[in-house]
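Colleague: Please work out how this folds:
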Amino acid sequence: MTRTRPYHLLIADDDADFREVLRSIFEPWFALLEAVSGEQAVEIVEGERVDLIVLDMNMDRLTGLETIRIVKQIDQRLPCILVTGDFDEQLQSEALQADAWSVLPKPVRKRELLRTVSLAIDSTYGDPDVFSGFASMN
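Modeller: Residues are numbered from 1 along each chain as shown. Model (predicted):
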């Protein structure tokens, strides 16, 4: 099956530099949306097509974990990948209970991030080739 449109990836992080890094990684393959807070991420999910979220744990007001819980009430199927500098087994357990797709520790390795995103897209949408279909668009 050939896609005619890219997937929509929402990056939610209050750190502009980290959003820029993620944007540079994902721009060739995804239509990107950005949020600077959990609240803004929820608003975007409520009003726009989002196929995947990569979000930071530590944001003002709503944490990444709280954001995932709210987003899952809007769209249970939406894969959410939590990225955190405070990775531990308790957070991983809480994130999995909230139905996060994965929890990745910061600093996150590019290869691990790409692999995790690819697995989330394949598992959710049945598309194992997310990083090949739109590479020529950039």
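Colleague: wait, residue 79 sits on residue 118?
Modeller: No. Applying Cβ atoms under 8 Å, one finds residue 79 not in contact with residue 118, separated by 11.1 Å. Yep, even glycine has a C-beta here, placed from its N, CA and C like the rest.
Colleague: Tell me where the longest helix sits in the chain.
Modeller: Criterion DSSP state H: the longest helix present in the chain is helix 110-125.
Colleague: returning to what we had before: between residue 79 and residue 118, which one's more packed in?
Modeller: Comparing residue 79 with residue 118 by other Cβ atoms under 10 Å, the one with more neighbours is residue 79, at 22 against 17.
Colleague: now the more buried one: how far from residue 61?
Modeller: According to Cβ to Cβ, to the nearest Å, residue 79 stands 23 Å off from residue 61.
Colleague: how deep is residue 17 tucked in, by neighbour count?
Modeller: 8.
Colleague: ok, it to residue 23 distance?
Modeller: Separation of residue 17 from residue 23 (Cβ to Cβ) stands at 11 Å.
Colleague: in this protein, which ranges drop under the pLDDT threshold?
Modeller: The chain contains residues with pLDDT under 70 at 1-5, 133-138.
Colleague: Give me the three-state assignment for the most centrally placed residue in it.
Modeller: The residue lying closest to the centre of the chain (Cα atoms, centre = their mean) is residue 54, at 2.0 Å. With DSSP: H, G, I helix; E, B strand; the rest coil as the basis, residue 54 sits in strand.
Colleague: thought it was touching residue 10?
Modeller: Yes. With contact defined as Cβ under 8 Å, residue 54 reaches residue 10; the gap is 7.4 Å.
Colleague: What residues of stretch 116-133 count as buried?
Modeller: By 16 or more other Cβ atoms under 10 Å, the buried positions in stretch 116-133 come out as 116-121, 125, 127, 130-131, 133.
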